[in-house]
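# Can you look at this prediction? I've put the sequence above it.
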Amino acid sequence: MRQSPDFFRDMLRMNITDTNIRMLDEFTDALWLEDGLSRNTLASYRADLMQLVEWLGRQPRTNGSLSDVTQADLLAFLSDRIGQGVKASTTCRALTCIKRFYRYLLRQGKILADPATNIDSPKISRHLPVSLTETEVEALLAAPDTRQPLGLRDRAMLEILYAAGLRVSELVGLSISQIRQDMGVVRILGKGSKERLIPLGEEALHWLSLYLQEARPVLLAGKHSNMSFVTTRGDAMTRQAFWYLIKRHARQAGIVKLLSPHTLRHAFATHLLNHGADLRVVQLLLGHSDISTTQIYTHVARERLKQLHARHHPRGTL
């Protein structure tokens, strides 16, 4: 039976998609080997590139292959995203990934010229991160009912999140072997497999010790787990489950601010700077590779100082 021209075009596009997938596999493998990037970061890179693949597949003027992309194609792709209302920060992140991908293809000899070389990133308006006041943090930490095993677990998790400024993925992925109660520190393997030791402080250590001794054995009910924080089924907690419970505790504490996955991490950094911590120290504790990422918190602290001055100085404006 004779096949229609559309059939052969679809088959060709399918084969090109297979080639694209192989290129993405090789690229993410290279990132893992060269930089030791985390699974979440690699998944994010792949998702950004898959959006480009899908966009190319919808364009009649291209053959859909990542290796045949021109600068005009990339500019049209980015313009299309911006036209759909995608945030500039998200587009900027995607462009960073695309640039790295095409540098890799050029280095591997799979393309003759880099189509992303002279494409500028969209300008991003820097928004100050939403943080919590020290009073709000105290209310949030006190919200869980510590008479119950789950409440004791939640209190320990919130205390550690605030005391150490961890990312949520680092908190829910914390294993027993990463905690050194005798030294009062946790060992974190963060982005890019960079290790850092973070002190916890007496209060966080107190609630952590109570949880490990009293609540965790009850939640495990005889099951074995090497994860620090577990559910009633004895499984490790997911990021989604943790943010469901932190929002619930925020409502109980009367906090009306819109929480983000980094709210307590923002509060950790801001409060350290408010109390005189050195910016480089905060950078090390947060695990930022570039201090410019940490500098956003100096703006938050400066705004806080302005408010304090306005409220308490005789010639303040509030």
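Okay, I see it.
# Tell me how many other residues crowd residue 255.
Residues lying near residue 255 (other C-beta atoms under 10 Å) number 19. In this view, the C-beta of every residue, glycine as well, is placed from N, C-alpha and C.
# Residue 186 contacts residue 160, correct?
Yes - counting by C-beta atoms under 8 Å, residue 160 is a contact partner of residue 186 at 7.2 Å.
# out of the two, which sits in the more crowded spot?
Ranked by neighbour count (other C-beta under 10 Å), residue 186 and residue 160 place residue 160 first, with 27 against 24.
# So what's the predicted local confidence for the more buried one?
Residue 160 carries a pLDDT value of 92.
# Could you check how far it is from residue 235?
Between residue 160 and residue 235 the distance is 19 Å, computed by C-beta to C-beta, to the nearest Å.
# Also residue 84?
Distance from residue 84 to residue 235, by C-beta to C-beta: 37 Å.
# which of the two has more neighbours?
Set residue 84 next to residue 235 and count neighbours by other C-beta under 10 Å: residue 235 wins out with 14 against 7.
# quick one, phi psi at that one?
Note on residue 235: backbone dihedrals following degrees, to the nearest 10 are phi -90, psi 160.
# Next up, the contacts around it.
residue 225 (C-beta atoms under 8 Å, 6 or more residues apart in numbering).
# could we number from 182 for the rest of this?
Fine by me, first position is 182 from now on; the one you just mentioned is residue 416.
# any idea how far residue 447 is from it?
Counting by C-beta to C-beta - residue 416 and residue 447 are separated by 28 Å.
# Would you mind confirming that residue 355 makes contact with residue 361?
No - look at residue 355 against residue 361 with C-beta under 8 Å: they stay out of range, at 12.0 Å.
# neighbour count winner among those two?
More crowded of residue 355 and residue 361, by other C-beta under 10 Å: residue 355, with 22 against 12.
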